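Participant: have a look; sequence and predicted model below, questions after that.
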Amino acid sequence: VPAALLGSALLRRPAALGAAAARCAPARDSHGPPPQGHGGSKAASLHWTGERAVSVLLLGLLPAAYLCPGPAVDYSLAAALTLHGHWGLGQVITDYVHGDVPNKVANTGLYVLSALTFAGLCHFNYHDVGICKAVAMLWSL
């Protein structure tokens, strides 16, 4: 049935249904900024691509650490492992920590932990044997 044949009164939502729908579903503004989260945004796509790139980089660094250990591989491993762990724990926080204050505290703790991890790995690479040599020493036990 064409809409023109139906009166405009039949096309309107009853007031009770309109009020219930307004309470249940948030209003959507197609011209405003995107909602919080990563739903379909370019930044989320780039983040996902970055995560996959770091994972593939780690897959390549493992044989490189065995075949040609050295400072470049040690520092690359330090950066890639820290970033991989940071993003992984960030997802745990996103999934399990709720509320503004606990979320901010958890994210601050995550940034501190990630910075300390990277600094510790770099210190280990510079002042000790390095990640590649340390793993080789563990394997020789």
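Facilitator: Now that the structure is in, tell me what you want to look at.
Participant: for the rest of this, base every contact and every neighbour count on C-alpha atoms.
Facilitator: Noted.
Participant: how about the residue most central in space within the chain: what's its closest non-neighbour residue?
Facilitator: When CA atoms, centre = their mean is applied to the chain, the residue found nearest the centroid is Trp87 (4.7 Å). Counting by CA to CA, 6 or more residues apart in numbering, Trp87 lies nearest to Glu51, which is 7.7 Å off, once chain neighbours are set aside.
Participant: the strands in the chain, which residues?
Facilitator: In the chain, no strands are defined using DSSP state E.
Participant: low-scoring stretches of it, by residue?
Facilitator: Residue ranges of the chain with pLDDT under 70: 1-40.
Participant: hey, which helix is longest across it?
Facilitator: helix 100-127 (DSSP state H).
Participant: list the buried ones in that one?
Facilitator: 106-107, 110, 114, 117-118, 121-122, 124-125 (16 or more other CA atoms under 10 Å).
Participant: how about the helices of the chain, start to end?
Facilitator: According to DSSP H, the helices that the chain contains are 8-11, 15-24, 42-67, 71-96, 100-127, 131-139.
Participant: does Ala79 really touch Phe118, like I thought?
Facilitator: Yes - Ala79 is within contact range of Phe118, at 6.6 Å (criterion: CA atoms under 8 Å).
Participant: tell me who's in contact with Ser76.
Facilitator: Counting by CA atoms under 8 Å, 6 or more residues apart in numbering, Ser76 makes contact with Leu61.
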